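Undergrad: I need the structure of the sequence given here:
(chains A and B)
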There are 2 protein chains.
Amino acid sequence: MPLAPVLDRLDADLDKSLARLFDYVRIRSISTDPAYADDCRKAAEWLVADLKTIGFDASVRDTPGHPMVVAHHAGPAGAPHVLFYGHYDVQPVDPLELWTSDPFDPAVKELEPGRKVITGRGSSDDKGQLMLFVEACRAWKEIHGSLPCAITLLFEGEEESGSPSLKPFLEANAAELKADFAMVCDTGMWDQDTPAISIALRGLVGEEITVKAANRDLHSGEFGGAAANPIRILAKVLADIHDADGRVTIPGFYDGVEETPTQVLKSWESLGETAESFLGPIGLSIPSGEKGRSVLELVWARPTAEFNGISGGYTGKGFKTVIAAEASAKVSFRLVHKQDPAKIRAAFRAFVEARIPADCSVEFHPHGGSPAIQLSYDSPFLTKAKDALSDEWGKPAVMIAMGGSIPIVGDFQKYLGMESLMVGFGLSDDRIHSPNEKYDLKSFHKGQKSWARILDAVSRRA
Amino acid sequence: MPLAPVLDRLDADLDKSLARLFDYVRIRSISTDPAYADDCRKAAEWLVADLKTIGFDASVRDTPGHPMVVAHHAGPAGAPHVLFYGHYDVQPVDPLELWTSDPFDPAVKELEPGRKVITGRGSSDDKGQLMLFVEACRAWKEIHGSLPCAITLLFEGEEESGSPSLKPFLEANAAELKADFAMVCDTGMWDQDTPAISIALRGLVGEEITVKAANRDLHSGEFGGAAANPIRILAKVLADIHDADGRVTIPGFYDGVEETPTQVLKSWESLGETAESFLGPIGLSIPSGEKGRSVLELVWARPTAEFNGISGGYTGKGFKTVIAAEASAKVSFRLVHKQDPAKIRAAFRAFVEARIPADCSVEFHPHGGSPAIQLSYDSPFLTKAKDALSDEWGKPAVMIAMGGSIPIVGDFQKYLGMESLMVGFGLSDDRIHSPNEKYDLKSFHKGQKSWARILDAVSRRA
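TA: Residues are numbered from 1 along each chain as shown, chains lettered A, B, ... in the order given. Below you'll find the predicted structure:
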């Protein structure tokens, strides 16, 4: 089945696809606010109705929370079967007064000369991103009467409110949802002109530690110099976690950490990101992590120990000569590659305990733990998608990583035994979760064609 | 003039002196609460009236706040002139529901078999303590018609609310108030049976430091490993302040610190205080300061660096993967001997600045600074007072120090060029500033006689 007419159809029908997105953005599907529960269901039903027009076997599937949308379409014999994931719910819009136009009345505006954007809540995250794929399917179906591969769609309505129903749904419907691989669209481009595939997401281990010393707060005149000070103990523990080269000193911390292939590091170098360009906008200039590594390697491929909060003693205005009974810190570790969250947590606790004086104590409270996602740099699907993106954008697609996490990718691994291809067309200035969310019209147009090309590429035999 | 009949008179009139203290405690002279301003004046007037009956030239002296009481009485030619200081104001009484009887309705109760105490707000701090001296003067005057030395009394009404009027008053009235030495009664005994003279008070330097990194809070997934974390920088700064032996590492910190004379250390040893007895009640057991020194030396004669408060990042419930823009700590130093507060502050700031990365910054906010008070261990007045106390209590008086500070002693040095003799009969379980304040009846009785003996001793020629 030739690709060119599919791409032509997407060009010709851009305005129609834009009208559909506008209809969709107008539905106020704010999942975290119970007042919008009916709107969430309406957004699910809107999708089902639209998918049925394309020929999908689509249905609204109830959960204890907002419903899922599941849709199936068969493909040619021997073609792969892919699961595409997105979410139809959006973030709240407050503070409403900071929006320059109604968040639920989408429009096309000129952001700067030659750069048009679609405005509205969900225009990028995730209604815009997911409709790209739906439009690509529509064009394939209209031109060829069929799709190049078997496709299952899974659209969630609780992504912006913690996804409470997702894991039970994946478990209960694993047989129905399992495919050869997943496509996850909740990611971004490198920049306005450079498409990207995300191949790694860091994992996370969170721990709260509370160092306890005396059985009550003490007067520092009376006891200072004799009584243990928990802030001093805590500061020493935290200071010991990094060495002078920025490496984490916890024994076993780097177990499972791999060196990033030289060719990947080189491709990251070619992106031209420097310490100045990366840190300058936030008022900094010196990378604080392991010495001798680029900022992109530091945030994409190296593990960290971060201190996210600390408190103890008197923290109000003025001064109080108190020695506190306890002091606390919230510590988190970003994990990469094969680092084991449980082992990291245990090693950290042992590291802390070894530094607590015999007459003091420490309490630990876990705050989540998930391993890193590291996809193969050279899987066939990835290579095909990369070529398809490069063809559409006239520029080599880059393989990037993300310092944060996308839980669905881990869930697909865990519950469905399935790797994910992470491709999206968001930009860092889309202001998702903030007032004046937008999506570039170029992302909307070329993103549809990108998915049409990817579907074509992954469906061809090598 | 013989001492014995004076002591007999104090024995005989104990009940009368108790009735006077009760009258005085009933006056609600809470200085920090403007609602009690009239009561404060009433307490000043009560004192003046009582002192006039003894023959003092006493007057209420207005200040911008609560009034002072100043009283003079001449002594024999050639006898010394002493200034006795106390305060007539008291702490608030809340939480009132924790008192077992009305704080302003004093009574004598049996705390444990054979141990009677006077209950009520101010019974110890400072109405009880100051009335001891007044009663000693009264007995001297009644028996001999005169006092053994010239005496000036200074009673303040703002000690519990920061003494805002004290320094201006001392400056404005220096010629009138200057004496050979001062007697300050706001201190305690070593234990119920052992009288004590305080010969040292630690000084204090307070500093607040704020480490600033990025120009806004960051997401630790996006920037973790590349962006400076102010909590990490702060923890390192604080951890560097002490070495493994508990010594402070700030260059020049120990300038002016002297070793305590061996005989003084031995006398402290003889008090039998151990790490277990000192730290046990607060749930600790291991001295945290400089290794190889007793707990009493640590809190009485060694300087410290203490961390009184720390805050930064997310400190609420749960977890937030944030890298804070800034983090703060409140740091204080207890000073001894000749340590210079200004030099300590400057050395600390230089120490911190040397540890701040070039792309971050630090701000300092000073919170007070005062040098230590260190009196001579062998001045004639001190030796005489020590012998007088030992005679009254049948047990050698010990020379102790205080880990905290009594600002008036420094003010007398600064504004009146006068050393202080610090003698008091409070006990560590007096619950001053707390509900159910009390003063041991034994302190009240033998304290009066102690002052009568001290007045006698310091007035005799060597």
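
Undergrad: quick check: residues of the stretch 351-462 of chain A near chain B?
TA: Residues of the stretch 351-462 of chain A lying close to chain B (Cβ under 8 Å from any Cβ of the partner chain) are A:357, A:358, A:359, A:360, A:367, A:368, A:402, A:403, A:404, A:405. From N, CA and C alone the C-beta is placed, and that goes for glycine too.

Undergrad: mind giving me JSON lines with these and columns for secondary structure and neighbour count?
TA: JSON lines is the format used below for those (DSSP: H, G, I helix; E, B strand; the rest coil; neighbours: other Cβ atoms under 10 Å in any protein chain shown):
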{"residue": "A:357", "secondary structure": "coil", "neighbour count": "15"}
{"residue": "A:358", "secondary structure": "coil", "neighbour count": "9"}
{"residue": "A:359", "secondary structure": "coil", "neighbour count": "18"}
{"residue": "A:360", "secondary structure": "coil", "neighbour count": "21"}
{"residue": "A:367", "secondary structure": "strand", "neighbour count": "17"}
{"residue": "A:368", "secondary structure": "strand", "neighbour count": "15"}
{"residue": "A:402", "secondary structure": "strand", "neighbour count": "20"}
{"residue": "A:403", "secondary structure": "coil", "neighbour count": "24"}
{"residue": "A:404", "secondary structure": "coil", "neighbour count": "15"}
{"residue": "A:405", "secondary structure": "coil", "neighbour count": "21"}
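
Undergrad: show me which of the residues you listed is closest to chain B.
TA: residue A:404 (2.8 Å; Cβ to the nearest Cβ).

Undergrad: residue contacts, the most centrally placed residue in chain A?
TA: Centroid-nearest residue in chain A: residue A:406, 3.6 Å away (criterion: Cα atoms, centre = their mean). Counting by Cβ atoms under 8 Å, 6 or more residues apart in numbering or on different chains, residue A:406 touches A:184, A:186, A:187, A:201, A:373, A:422.

Undergrad: turn the residues of the stretch 351-462 of chain A next to chain B into CSV, including pLDDT and distance to residue B:410.
TA: Converted to CSV, those look like this (pLDDT from 0 to 100; distance: Cβ to Cβ, whole Å):
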residue, pLDDT, distance to residue B:410
A:357, 97, 34
A:358, 97, 38
A:359, 97, 34
A:360, 98, 34
A:367, 90, 48
A:368, 83, 53
A:402, 82, 60
A:403, 77, 54
A:404, 75, 55
A:405, 75, 58
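
Undergrad: hang on, the earlier thing: and the residue nearest to the centre of chain A, how close does it get to residue B:146?
TA: Going from residue A:406 to residue B:146 by Cβ to Cβ, to the nearest Å gives 92 Å.

Undergrad: do the same with residue A:380
TA: 112 Å.

Undergrad: residue A:32 too?
TA: Counting by Cβ to Cβ, the gap from residue A:32 to residue B:146 is 85 Å.

Undergrad: narrow the contacts of residue A:406 to those in strands?
TA: In strands, defined here by DSSP state E, the members of those are A:184, A:201, A:373, A:422.

Undergrad: which one among the residues you listed gets closest to chain B?
TA: residue A:201 (8.7 Å).

Undergrad: just the helices in the stretch 151-300 of chain A please.
TA: A:166-172, A:174-177, A:220-223, A:230-240, A:262-269, A:275-279, A:295-301 (DSSP state H, counting those that start in this stretch).

Undergrad: mind telling me which of those the model trusts least?
TA: Ranked by mean pLDDT, these end with helix A:220-223 at the bottom, a mean of 87.

Undergrad: run the chain-centre distance for that helix.
TA: 50 Å (Cα atoms, centre = their mean, to the nearest Å).

Undergrad: give me the helices and strands touching it, please.
TA: Contact partners of helix A:220-223 among helices and strands, from 3 or more Cβ pairs under 8 Å, 6 or more residues apart in numbering or on different chains; DSSP states H and E: strand A:322-323, strand B:304-313, strand B:326-335.

Undergrad: ok, which of these comes nearest residue A:103?
TA: Among these, the nearest to residue A:103 by Cβ to Cβ is strand B:304-313 (30.7 Å).

Undergrad: ok, back up a step: farthest-apart pair in the residues of the stretch 351-462 of chain A next to chain B, please.
TA: Greatest spacing in these, by Cβ to Cβ: A:359 and A:402 (44.3 Å).

Undergrad: against residue B:35, how distant is the nearest residue to residue A:121 once chain neighbours are set aside?
TA: Leaving aside its chain neighbours, residue A:121 sits nearest to residue A:103 (4.0 Å; criterion: Cβ to Cβ, 6 or more residues apart in numbering or on different chains). Noted for residue A:103: a distance of 54 Å to residue B:35, by Cβ to Cβ.
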